[in-house]
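J.: sequence isn't available, so here's the structure alone:
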Ligand SMILES: CCCC(=O)SCCNC(=O)CCNC(=O)[C@H](O)C(C)(C)COP(=O)(O)OP(=O)(O)OC[C@H]1O[C@@H](n2cnc3c(N)ncnc32)[C@H](O)[C@@H]1OP(=O)(O)O
């Protein structure tokens, strides 16, 4: 694997996004490797999946803008957005519980990725934000649709419509972040403390409860809503306002 690290330890499957020089931005290779790893994990006896980022700056900075900037038309954007959208849906619907461990900032599509996970644990000093609006697009990997399943509508609207970066403590107050880990505490130790009561249960019990949560969804409606989100984002992507905003980011 070139863009991910995978290890299995004490019932936990750890996936680390591993492009720290670009703050773990997602490229096509990472999408393929995520898809492959998720298939492998599904066939293991591991109880819980933890996703994190390499380095201490970022969990994930979203799509790799230096790469995806070359996507110009609605159709080109749709190809990329729907490819990652499929992966986020797999994570959201994954038969085992999933945890995002924020070792650093989760921004743009990175924030969509943490939203697809069942639990979010963060270092106290980290930030997260759906900054897509400041790039003249919206969420486009399905994370907007998923956020409305995670939060009260008013809080979800605030996160999405303001494009702001928020402190992890604000996420904790809103119930978006489930556990804060102090900056002087070891991140993995903090996570294990949170996970210990879950890890005492069998994989079958954990999966069965995940199924009860997923049974709540009308899958067809959920998929339709994700698809609409991807289509809308693709339309905004091809506008000059978006390309100009990305040029500003890349030339900063
Ligand atoms: C496609 C679906 C929707 C999307 O995801 S759109 C993308 C939204 N993401 C963004 O706008 C990301 C913006 N990035 C940031 O805010 C910051 O990099 C972040 C994550 C807070 C980390 O801050 P710092 O630790 O200070 O790091 P930095 O800004 O100096 O970045 C280090 C190098 O990484 C690059 N980088 C960061 N995020 C990237 C991205 N998404 N795509 C491509 N390159 C990215 C950044 O340009 C910089 O490169 P260089 O070292 O100056 O050559």
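T.: Happy to help now that I have it. Being a predicted model, the structure only gives us computed values, none of them experimental.
J.: who in the protein is up against the ligand?
T.: Neighbours of the ligand within the chain, by CB under 6 Å from any ligand atom: 22-23, 25, 57-58, 61-66, 68, 105, 107-109, 131-132, 135, 140-141, 249. Backbone N, C-alpha and C define where each C-beta goes, glycine included.
J.: can you list which of those residues are found in strands?
T.: Mapping these onto strands (DSSP state E) picks out 58, 105, 107.
J.: how about JSON lines for those residues, with pLDDT and neighbour count added?
T.: Converted to JSON lines, those look like this (pLDDT from 0 to 100; neighbours: other CB atoms under 10 Å):
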{"residue": "58", "pLDDT": "98", "neighbour count": "25"}
{"residue": "105", "pLDDT": "98", "neighbour count": "26"}
{"residue": "107", "pLDDT": "98", "neighbour count": "22"}
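J.: ok so, going back, quick one, which of the residues of the chain next to the ligand are buried?
T.: 23, 25, 58, 61-65, 68, 105, 107-109, 131-132, 135, 140-141 (16 or more other CB atoms under 10 Å).
J.: roughly how far does the residue in the stretch 101-250 of the chain that the ligand sits nearest to sit from residue 64?
T.: The minimum distance from the stretch 101-250 of the chain to the ligand, using CB to the nearest ligand atom, falls at residue 108 (2.5 Å). Between residue 108 and residue 64 the computed distance is 11 Å (CB to CB, to the nearest Å).
J.: for residue 240, same thing?
T.: Look at residue 240 and residue 64: by CB to CB, they are 21 Å apart.
J.: and residue 178, by the same measure?
T.: Residue 178 sits 28 Å away from residue 64, taking CB to CB as the criterion.
J.: now swap in residue 172 and tell me
T.: The value you get for residue 172 to residue 64, if CB to CB is used, is 29 Å.
J.: one more: residue 11?
T.: Counting by CB to CB, the gap from residue 11 to residue 64 is 32 Å.
J.: kindly report the same for residue 176.
T.: For residue 176, the distance to residue 64 - CB to CB - is 25 Å.
J.: list the contacts for residue 17?
T.: Contacts for residue 17 (CB atoms under 8 Å, 6 or more residues apart in numbering) come out as 3, 4, 24, 26, 30, 51, 52, 53, 54, 59, 60.
J.: helix or strand: which one has the closest residue to the first one other than its chain neighbours?
T.: This means residue 3. Leaving aside its chain neighbours, residue 3 sits nearest to residue 30 (3.9 Å; criterion: CB to CB, 6 or more residues apart in numbering). Using DSSP states H and E, residue 30 sits in helix 28-42.
J.: how about residues contacting that helix?
T.: Residues from elsewhere that reach helix 28-42, judged by CB under 8 Å, 6+ apart: 1-4, 6, 13, 15, 17, 19, 49, 67, 80, 83-84, 86-87, 90-91, 94-96.
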